[in-house]
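A.B. asks: no sequence on this one, just coordinates:
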Ligand SMILES: Nc1ncnc2c1ncn2[C@@H]1O[C@H](COP(=O)(O)OP(=O)(O)OP(=O)(O)O)[C@@H](O)[C@H]1O
Ligand SMILES: [Mg+2]
């Protein structure tokens, strides 16, 4: 299989996902190019996490197509997606209390190959985690737990990183730090899809954005050219001015 | 024999304690696989005891039928049974788990019955034993000061239990598979979000569980006699050890096994029948205590719980009076 460098790394087309009668995703299409940061914006319940989970193979979707690097990956398990080169920083961090900081990070390598070198690399990126490597994973600060979650996703050497609300509940300086790290990763060649409720933060750190409302894309464009009013309308729906 | 070291009255007591502790090692091997199944896979395999018997019968055939040395027979049987555990989970348990909470129970009861009948068909109903295959080990013992006898086989089994549980502990702590198993047992959905192959972790846990059950079965057949129908009783002992030791900790299972073993051997001082009964009673007592502690913890400590309970009922009486008025 040939990989075409001009082709998007991730192509999602016309994705539909339902929870019983609720349409969480109602025909979502988006692309992420190589070395690009794309933001998905939306209010509570807009369907952002559902989109991420559908891409990562956690939630089965009823219709639509997902191509990763030109290959159809619909219906694969999360583990297979990780092997294919997609990393997930899940909503709510998902740190395991039964594992230490280091073990939580190493969990991301349950996938094959190269543990120790990768752990060292994560500790290089987040030196504060190295000092606390033997501490129970849930006993470190919220910011450090978010670093664990990012480090864990990096263990599988992903080409695409999916980040679900990494800024939630963290101090602005910590959030800056996390986004700096993500910026460095993109500079090294990774593509990133970030999901955020905090619009300004996400627009500042991304090249393109999509706005989700009730499972549909209501706006999209280049982040630098984003119009505040249009985003507000796309974010909250038409009845807000 | 009266001895300066131990007063005559105390000797049977110490003897029972030693025997019970060693017996606990056997229960722990039987129970640790079950604990893994309940804790990680969230699946109760009611055929666990029958797996133990099957493992023992396979070793009996390999030694007594084919003339293999017993150690070689065990080394052949263990991977076969572990593989059977893996396959059983992939083919049977995974499907059963998708069918709600009742189906796994029915499926494993059925599996147990099918296993018992197949073993009866293949090996007949005669009692069988591996005692003759291990020579003097089956009856030899050491005498401690005070005339306390320590059987060599029970010591070997107990050491083996410590070894098995220690290795399992190390595997869970330090290997990739172990971390995957632990994460899956804490929160399978979250583990999948981290890219863990939860399905593989469960199958591996099932393989370990069946392998260890089969090992326990071999020790059971070394200590005494088994029939194709010996499984269910062993399942009950394993359950009791798991509950006494507390779910989710491998070393806890060893403690649970030892407490069960000591309860039984102390009960045995009274009479043979009292032996099993004492074990069951201790199990029930621990179970009730755990339920009580859980309930009080959910209601802010036991003092607060009692207060809440009395006010609740006072409120109910008052309401009833009010209704009448
Ligand atoms: N497992 C589920 N079962 C049923 N409904 C669900 C489930 N998960 C999400 N939903 C519903 O689907 C819709 C989209 O949820 P989703 O989690 O994707 O939103 P979100 O944009 O990530 O919101 P938030 O910003 O709160 O994380 C919501 O209405 C939510 O209540
Ligand atoms: Mg969400």
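C.D. replies: Noted; the coordinates are in hand. Remember, it's a predicted structure, so these values are computed and weren't measured experimentally. Ligands and ions are numbered 1, 2, ... in the order given.

A.B. asks: Break chain A down into its domains, please.
C.D. replies: A:7-85+A:158-234, A:90-157 (automatic domain parsing).

A.B. asks: By proximity to chain B, which residue of chain A wins?
C.D. replies: residue A:82 (3.3 Å; CB to the nearest CB). Heads up, the C-betas are built off the backbone N, CA and C, glycines and all.

A.B. asks: How about that residue, nearest residue that isn't a chain neighbour?
C.D. replies: Using CB to CB, 6 or more residues apart in numbering or on different chains and skipping the chain neighbours, the partner closest in space to residue A:82 is residue B:195 (3.3 Å).

A.B. asks: The one you found contacts residue A:87, correct?
C.D. replies: Yes - with contact defined as CB atoms under 8 Å, residue B:195 reaches residue A:87; the gap is 7.4 Å.

A.B. asks: Now the common contact residues for those two.
C.D. replies: Shared contacts of residue B:195 and residue A:87 (CB atoms under 8 Å, 6 or more residues apart in numbering or on different chains): A:108, A:153, A:156.

A.B. asks: Among these, which one is most surrounded by other residues?
C.D. replies: Within these, most neighbours by other CB atoms under 10 Å in any protein chain shown means residue A:108, with 29 neighbours.

A.B. asks: so who does that one touch?
C.D. replies: Here residue A:108 is in contact with A:82, A:87, A:151-156, B:194-195 (criterion: CB under 8 Å, 6+ apart).

A.B. asks: next one: residue A:107
C.D. replies: A:96, A:99, A:152, A:155, B:179-180, B:183, B:191, B:194, B:196.

A.B. asks: now the residues you listed in TSV, with distance to ligand 1 and neighbour count?
C.D. replies: Output for the contacts of residue A:107, formatted as TSV (distance: CB to the nearest ligand atom, whole Å; neighbours: other CB atoms under 10 Å in any protein chain shown):
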residue	distance to ligand 1	neighbour count
A:96	21	25
A:99	25	22
A:152	20	29
A:155	24	25
B:179	26	28
B:180	23	27
B:183	20	26
B:191	17	26
B:194	18	31
B:196	19	27
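
A.B. asks: Switch those residues over to TSV; also include distance to ligand 2, secondary structure and pLDDT.
C.D. replies: Listed next are the contacts of residue A:107 as TSV, based on distance: CB to the ion, whole Å; DSSP: H, G, I helix; E, B strand; the rest coil; pLDDT from 0 to 100:
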residue	distance to ligand 2	secondary structure	pLDDT
A:96	20	coil	94
A:99	24	coil	91
A:152	19	helix	94
A:155	23	coil	91
B:179	26	helix	91
B:180	25	helix	91
B:183	21	helix	92
B:191	19	helix	93
B:194	17	coil	91
B:196	21	coil	91
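
A.B. asks: Phi, psi for residue A:212 please.
C.D. replies: phi -110, psi 140 (degrees, to the nearest 10).

A.B. asks: Look at it and report its pLDDT.
C.D. replies: Note on residue A:212: pLDDT of 92.

A.B. asks: got it, and residue B:231?
C.D. replies: pLDDT, residue B:231: 95.

A.B. asks: for the one 5 residues further on, same thing?
C.D. replies: The pLDDT attached to residue B:236 in the predicted structure is 95.

A.B. asks: what's the spacing between it and residue B:279?
C.D. replies: 9 Å (CB to CB, to the nearest Å).

A.B. asks: Endpoint to endpoint, stretch B:58-66 covers what distance?
C.D. replies: Start-to-end span of stretch B:58-66 (CA to CA, to the nearest Å) is 11 Å.

A.B. asks: residues from chain A in reach of chain B?
C.D. replies: A:53, A:56, A:58, A:77-79, A:81-82, A:87-88, A:90, A:94, A:96-99, A:103, A:106-111, A:115, A:152-153, A:156 (CB under 8 Å from any CB of the partner chain).

A.B. asks: ok, now with 7 Å
C.D. replies: With CB under 7 Å from any CB of the partner chain as the criterion, chain A meets chain B at residues A:58, A:78-79, A:82, A:88, A:90, A:94, A:96-99, A:103, A:106-111, A:152, A:156.
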